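Asks: below are the sequence and a predicted model; questions follow.
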Amino acid sequence: MSPHQTRMEHEFRIAVYPGSFDPVTFGHLDIIRRSAKQFDRVIVAVLNNTVKSPLFSVQERKDLLAEVTRDLPNVEIDSFRDLLVRYMRSRQAQVIVRGIRSVTDFEYELQMASTNRQLDEGIETVFMMTNPKYSYLSSSIVKEIAKFNGPVQDLVPPAVEVALQGKYVAPSPDGTPN
């Protein structure tokens, strides 16, 4: 923005950070917080994927995301079950935000970004490198640790830790479920 432009002349930038967030981790939260600094509004959009069997319902994931982002006034939580580019158009969003942990993530995300660009060339994808301290972290790993009553407090916000504890019955000392 030039010194002579007013805020009203500046284009209002809406980004969508889509994902399953099953559950939201500190890695996701890192990307959300950094995106909130870069864009006027960030819509964290929970994908309602009918092919997967998530641990948390869409509403539970939305509630957890709302809880852990309540201090970010320009972050909105939503869900969708359509093509991402259609959802983007319906929300008048211009940018897709994707977190990248590894080269493997990049290869997949580049393919998705190219496909989305083919479907709608007005939508850009921005890749954010995950903070190195979260580069190993995934929702799948968190669920596996929580399933066996392992410590997840360094992986997820406290509200998510409590929600995970509510989903899994603590195993007995020999590792079998009670």
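Replies: Good, I have the coordinates. Since we're looking at a predicted model, the values are computed, not measured. Numbering: from 1, shown residues only.

Asks: could you use CA atoms for every contact and neighbour count after this?
Replies: Fine.

Asks: the strands in this protein, which residues?
Replies: Using DSSP state E, the strands of the chain run over 14-19, 41-47, 75-80, 95-100, 124-129.

Asks: can you redo the ones you listed as a markdown table with mean neighbour count, mean pLDDT and distance to Glu107?
Replies: Output for these, formatted as a markdown table (neighbours: other C-alpha atoms under 10 Å; pLDDT from 0 to 100; distance: least, C-alpha to C-alpha, whole Å):
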| stretch | mean neighbour count | mean pLDDT | distance to Glu107 |
| --- | --- | --- | --- |
| strand 14-19 | 22 | 97 | 17 |
| strand 41-47 | 23 | 97 | 21 |
| strand 75-80 | 19 | 98 | 24 |
| strand 95-100 | 22 | 96 | 10 |
| strand 124-129 | 16 | 96 | 12 |
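
Asks: now tabulate those strands in CSV and tack on distance to Met112.
Replies: As requested, these are exported to CSV (distance: least, C-alpha to C-alpha, whole Å):
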stretch, distance to Met112
strand 14-19, 12
strand 41-47, 15
strand 75-80, 17
strand 95-100, 10
strand 124-129, 9
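
Asks: so in the protein, where's the weakest helix or strand by average pLDDT?
Replies: helix 103-119 (a mean of 92; mean pLDDT, DSSP states H and E).

Asks: residues making contact with that one?
Replies: Outside helix 103-119, the residues that touch it by C-alpha atoms under 8 Å, 6 or more residues apart in numbering are Leu84, Val85, Arg98, Ile100, Ile123, Glu124, Thr125.

Asks: let me see the contact set for the first one.
Replies: I take that to be Leu84. Taking C-alpha under 8 Å, 6+ apart as the test, what Leu84 contacts is Asn116.

Asks: do that again at 10 Å, thanks
Replies: With contact set as C-alpha atoms under 10 Å, 6 or more residues apart in numbering, Leu84 has these partners: Val16, Pro18, Ala45, Leu47, Ser90, Ile96, Asn116, Leu119.

Asks: the fourth one now?
Replies: Listed by C-alpha under 10 Å, 6+ apart, the contact set of Ile100 reads Ile31, Phe106, Glu107, Tyr108, Glu109, Phe127, Met128, Met129, Thr130, Asn131, Ser135.

Asks: Ser138 versus that one, what's the distance?
Replies: Remark: distance between Ile100 and Ser138 (C-alpha to C-alpha, to the nearest Å) = 11 Å.
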